[in-house]
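> Fold the following, please.
(4 chains)
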Number of protein chains: 2
Amino acid sequence: MNTKIKIKDIADELNISSTTVSFVINGKAKEKNISKAVAQKVLDLVAEWGYQPNSLAKSLRTGKSKIIGFLVDDISEPFFSRIARLIDEKASEHGYKILFSSTRNNNEKAKELLQIFRDRHVDGYVIALPEGLESEIEKLINTQVPVVLFDRYVPGIETDYVVTNNDESVFEATQHLVNNGYRNIGFITIETEQQQMLDRLAGFKRVIEANNLKNNVLKIDYQNSENSIKQMKKFFEINQNLDAVIFAANYICMDGLRTFKQLNINPLNNIAIVSFDDFELLEFYNPPITAIAQPVEQIAENIMKILLSKLNGQLQISEHKQVVLPALLNVRSSTLKRV
Amino acid sequence: MNTKIKIKDIADELNISSTTVSFVINGKAKEKNISKAVAQKVLDLVAEWGYQPNSLAKSLRTGKSKIIGFLVDDISEPFFSRIARLIDEKASEHGYKILFSSTRNNNEKAKELLQIFRDRHVDGYVIALPEGLESEIEKLINTQVPVVLFDRYVPGIETDYVVTNNDESVFEATQHLVNNGYRNIGFITIETEQQQMLDRLAGFKRVIEANNLKNNVLKIDYQNSENSIKQMKKFFEINQNLDAVIFAANYICMDGLRTFKQLNINPLNNIAIVSFDDFELLEFYNPPITAIAQPVEQIAENIMKILLSKLNGQLQISEHKQVVLPALLNVRSSTLKRV
DNA sequence: CTGAAAGCGCTTACAG
DNA sequence: CTGAAAGCGCTTACAG
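Residues are numbered from 1 along each chain as shown, chains lettered A, B, ... in the order given. Next up, the predicted model:
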């Protein structure tokens, strides 16, 4: 194996200085008036020896790590892992790599992670912000490092974010239920201050109020799946006459379907279903379930567009871009017109 | 904001040398005979000022980055993202972070990534090896850096790996079908040399041969979902009399279910199904689908146990651990006894 | 018990 | 057109 070659080796071999080699390697030959002949010699030797700069040394010197920190609740949630993949693709194209970690609903851990990322001189951040970390994130932003939030924004914090139009998309979905004849619609969310969840609820309420319908909302005190199912069971027992239900997130929907199974409620005949976040299960369920699909590709694209333009200086750190993207309502037979 | 504090600042403030501060911070106070009083002063100031070492400088000096490279086909595949989450948890406990990237079936990209990881002085690797990268991986292993393969091993390469017992688990699943009265079983896999896929096929064949059954195997030339469905349609049309089918992987099963839908085959009545890899969809499908569940937690645990013991020197780099874990057959109604 | 100094491998302001 | 030298912030062998 090639015992790590360094700039000095190249310089010595060619009887020139490290400075010149460094300039050539970094494409500054022209700018620095290096003669074509010398530049070519360097390039040739670099190719021949397969020289690769030590990025650690480079980072220490320049203060740039070419690493982006990606922080989410749980990387194994489909929505997040899909974003992760797309972000990584874009980042790789520009020489950045992704360092990720899951906060797993643990704020202490999240704070630590932020600190660790900072120590590692991460150049930029992509974060789905856990509740309660608002002030930490403000501190981070104040250090003049680019931070793009996604999935949820935080009212009152001036920063870049890319989110789905939660309010509007749930409004549409609820309206779709009303149009199809449903009148007693339940909305199942979690007890939280997370903005995206509040927005989804708001969209629901707008329709309910406009149509003078009953406001059947369950806010689950979410601990785990089991506990969540227990609360849903109670809710469905009390509200026997629901003719439709909207689940405000992927994992809530999963628990909802489990609840139906346990209660022997057959969505096919008894109740219409809409879920926020589309995933394969919904397409294959019997009946196939109507879902609000977040525009994952567009979300990832926008995140990276903002982040990269800040990273390469095209966009001022202090100038904040806020992108709200429309979702798609995939109508399936779980919400057929009521007869 | 605290304009980054460094060791020198602490040393100056306390009128001692950077050496002493460094020793104390790295817990070598005793070993280096630093007086308790001095050590305490340092610790106090570190706490007060919230000093955090610059990990870049540390890495450059020590040659250790405290970063683990995680390389898979696609981080958004549920199996991989779940492993990612678990690995990250374990790694974090030991001060390591995960740098990931998806190779997306692109060997050139995979080679590049390996190179990039090397430049970044990744301390260790967790890899689901793409086909055709065998020699690259051997080179990597020869650089004496710990590499743990998972999901698939490569016969002939001496390295650490953690895999599921693919052969045995498919053998069991196939036997289960035979026991329940199925006699014309199809096996759908992809055209590949990937060892885990070959092993799954081998497990199937063992049962087929032992019972003198017909060997109905489809090896899909996998390009994309659409193309894959086309090939399955043809297969099912030719083999009208199949009474059961085993899908050799998650994504193949998804395409299989789509094919059934398009062909109007109702698995409920017409055909038994088994899928490799268990995921929520299978549990909720109608009928619920029998699945071979890989022991994800155990896989992740074993990977990290091996990797960490090599990283901290408890295990020789040259000593290779190879772990084969049993899978669980989750029997559901898609494979009920034939009547 | 403690410190001065070298060095990890780069980049870049400065000098010529 | 090119180079000597300082410095990024650590760690550690060596000296006392």
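> Low-confidence regions, the stretch 51-200 of chain A specifically.
Within the stretch 51-200 of chain A, no range satisfies pLDDT under 70.
> so who does whichever residue of it sits closest to chain B touch?
Here the stretch 51-200 of chain A gets closest to chain B at one residue, A:Ser81, 3.8 Å apart by C-beta to the nearest C-beta. Every C-beta, even on glycine, is put in place using the N, C-alpha and C of the backbone. For A:Ser81, the contacting residues are A:75, B:75-76, B:78, B:81, B:84, by C-beta atoms under 8 Å, 6 or more residues apart in numbering or on different chains.
> Recalculate using a threshold of 7 Å.
A:75, B:75-76, B:81 (C-beta atoms under 7 Å, 6 or more residues apart in numbering or on different chains).
> In strands only, show me these.
Among the contacts of A:Ser81, no member falls in strands (DSSP state E).
> And those, which is closest to DNA strand C?
Using C-beta to the nearest atom of the strand, B:Ile75 is the member of these that sits closest to DNA strand C, with 29.2 Å.
> where's the residue of the stretch 51-200 of chain A found nearest DNA strand D, which helix or strand?
Ranked by C-beta to the nearest atom of the strand, the top residue of the stretch 51-200 of chain A for proximity to DNA strand D is A:Arg61, at 3.6 Å. According to DSSP states H and E, A:Arg61 maps onto helix A:55-62.
> what's the answer for A:Ile98, then?
Assessed by DSSP H and E, A:Ile98 sits inside strand A:97-102.
> between that strand and strand B:97-102, how big is the angle?
Between strand A:97-102 and strand B:97-102, the angle comes out at 120 degrees (axes from the mean of the first three to the mean of the last three C-alpha atoms, to 10 degrees).
> Quick check: can you name the pairing partners of strand A:97-102 and their directions?
strand A:67-72 (parallel), strand B:97-102 (antiparallel) (DSSP bridges).
> tell me the most buried of those strands?
Ranked by mean neighbour count, the strands paired with strand A:97-102 are led by strand A:67-72 with a mean of 26 (mean count of other C-beta atoms under 10 Å in any protein chain shown).
> wait, is A:Asn269 part of a helix?
No: read with DSSP: H, G, I helix; E, B strand; the rest coil, A:Asn269 is coil and lies in no helix.
> check contacts around it.
Counting by C-beta under 7 Å, 6+ apart, A:Asn269 has no contacts.
> Quick check: pLDDT value at it.
As predicted, A:Asn269 sits at a pLDDT of 77.
> about what we covered before: which among the strands paired with strand A:97-102 is found nearest to A:Ser333?
strand A:67-72 (32.4 Å; C-beta to C-beta).
> can you list contacts of that closest one?
A:80, A:84, A:87, A:91, A:96-103, A:113, A:117, A:120, A:122-128, A:307.
> just stretch A:158-176 next, same as before
For stretch A:158-176, contacts defined as C-beta under 7 Å, 6+ apart pick out A:141, A:147-153, A:185, A:196, A:199-200, A:202-204, A:206-207, A:246, A:274, A:276, A:292, A:294-295, A:299, A:302-303, A:306, A:320-327, A:329, A:331, A:335.
> try stretch A:86-103
Taking C-beta under 7 Å, 6+ apart as the rule, stretch A:86-103 contacts A:66-75, A:84, A:109-110, A:113, A:117, A:120, A:122, A:126, A:130, A:296-297, A:300, A:303-304, A:308, B:75, B:85, B:88, B:92, B:97-102, B:116.
> Burial check on A:Asn54, number of neighbours?
A:Asn54 sits with 17 neighbouring residues when counted by other C-beta atoms under 10 Å in any protein chain shown.
> Contact partners for it?
Counted by C-beta under 7 Å, 6+ apart, A:Asn54 has contacts A:Lys6.
> Repeat that for A:Leu198.
So A:Leu198 contacts nothing (C-beta under 7 Å, 6+ apart).
> That one belongs to a strand?
No: looking at A:Leu198 with three-state DSSP, it is helix, so not inside a strand.
> Tell me the bridge partners for the one residue in the stretch 151-300 of chain A that gets nearest to DNA strand C.
Proximity of the stretch 151-300 of chain A to DNA strand C (C-beta to the nearest atom of the strand) peaks at A:Asp160, 25.7 Å away. Counting by DSSP bridges, A:Asp160 forms beta bridges with A:Val148.
> Next, count neighbours for it.
25.
> what about it, distance to A:Leu308?
Note on A:Asp160: its distance to A:Leu308, by C-beta to C-beta, to the nearest Å, is 12 Å.
> do A:Asn179 as well
42 Å.
> okay but A:Val42 is in contact with A:Thr19, surely?
No: judged on C-beta atoms under 7 Å, A:Val42 makes no contact with A:Thr19 at a distance of 11.4 Å.
> sorry, back to before: determine the angle, from 0 to 180 degrees, between the next helix or strand after the strand holding A:Ile98 and strand A:97-102.
Later in the chain than strand A:97-102, the nearest helix or strand by DSSP H and E is helix A:107-119. Put simply, helix A:107-119 runs at 160 degrees to strand A:97-102, going by the same axes, to 10 degrees.
> Name the residues of helix A:107-119 that come out as buried.
Of all the residues in helix A:107-119, those buried under the rule 16 or more other C-beta atoms under 10 Å in any protein chain shown are A:109-110, A:113-114, A:116-119.
> what does stretch A:21-37 give?
A:21-25, A:29, A:34.
> what's the lowest-pLDDT member of those?
Out of these, that is A:Ala29, at 79.
> Spatially, what comes nearest to that one if we skip its sequence neighbours?
Nearest residue to A:Ala29 in three dimensions, chain neighbours excluded: A:Ala39, at 4.2 Å (C-beta to C-beta, 6 or more residues apart in numbering or on different chains).
> The helix or strand where that neighbour lies near DNA strand C at all?
Secondary structure from DSSP H and E places A:Ala39 in helix A:36-49. No: Helix A:36-49 stays clear of DNA strand C (C-beta under 7 Å from any atom of the strand), getting no nearer than 10.6 Å.
> of A:Val42 and A:Thr19, who's got more company?
Between A:Val42 and A:Thr19, counted using other C-beta under 10 Å, A:Val42 has the larger neighbour count: 25 against 12.
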